[in-house]
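coordinates for the following, if possible.
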Amino acid sequence: MTLHKFAPAIFIAGTLCISAVQASNLNLSDVNGDGVISAEEIINAREQHRAEKLAQYDANKDGELSRTERRAMKDDRYADLLLQYDSDGDGELSRDERRAARSARRAAMEATLDVNGDGVLSDAEKAGMEEVKALRRSHKHHGKRSKKNL
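The predicted model follows:
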């Protein structure tokens, strides 16, 4: 199955869920039981996550996030990051704290992708995420980004 039909969904989800590292917030799972989390499963999880965030932050229920609604979402996300990673309690994330947050989320993502739980990501287990990343890069380089989606 080709995933080109999912390209718009990948782009939209990618702009809301800014990076693969953030995907640790997603409910990723091997839905079809084939031993890997495929690109299609990642895309579907991102779309579900996007719909949940839209429902949560779309105050005027117009189906889109305004600048103010996006700011509220970003502020809440930053507050959550502060609660988890502001180790010195100064209300800001230092470079080291941001690095620790990225590292923790990357480790959580790798643990999620490691479907067989052996502690090693096989090429097959990495393939879905790599495909999603490649599709996002392709979309980005073909001028598909618009200010509205940023």
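
and for the nearest residue to Thr112 once chain neighbours are set aside, the neighbour number?
Setting aside the residues directly before and after it, Thr112 is nearest to Leu28 in space (C-beta to C-beta, 6 or more residues apart in numbering), at 5.0 Å. C-betas here are computed from N, CA, C, even on glycine. The tally of other residues near Leu28 (other C-beta atoms under 10 Å) stands at 21.

what sits against Leu28?
With contact set as C-beta atoms under 8 Å, 6 or more residues apart in numbering, Leu28 has these partners: 37, 41-42, 45, 112-113.

farthest pair within those?
Ala45 and Leu113 (11.8 Å; C-beta to C-beta).

please report how far the residue lying closest to Asp114 once chain neighbours are set aside lies from Asp58.
Computed as C-beta to C-beta, 6+ apart, the closest residue to Asp114 that is not its neighbour in sequence is Leu121, at 5.6 Å. From Leu121 over to Asp58 the distance is 35 Å, taken as C-beta to C-beta, to the nearest Å.

Ala108: helix or strand, and which one exactly?
helix 95-113 (DSSP states H and E).

angle of the following helix or strand past that helix against helix 95-113?
Later in the chain than helix 95-113, the nearest helix or strand by DSSP H and E is helix 123-141. On the basis of axes from the mean of the first three to the mean of the last three C-alpha atoms, to 10 degrees, helix 123-141 is oriented at 120 degrees to helix 95-113.

how far off centre is helix 123-141?
Computed by C-alpha atoms, centre = their mean, to the nearest Å, the chain-centroid distance of helix 123-141 equals 13 Å.

begin at 649 from here
With the count now opening at 649, the last piece we talked about shows up as helix 771-789.

give me the buried positions along it.
773-777, 779-781, 783-784, 787 (16 or more other C-beta atoms under 10 Å).

so how far is Lys709 from the nearest residue to Gly711 once chain neighbours are set aside?
Once flanking residues are discounted, Gly711 sits nearest to Leu702: 7.3 Å by C-beta to C-beta, 6+ apart. Computed as C-beta to C-beta, the Leu702 to Lys709 distance reads 10 Å.
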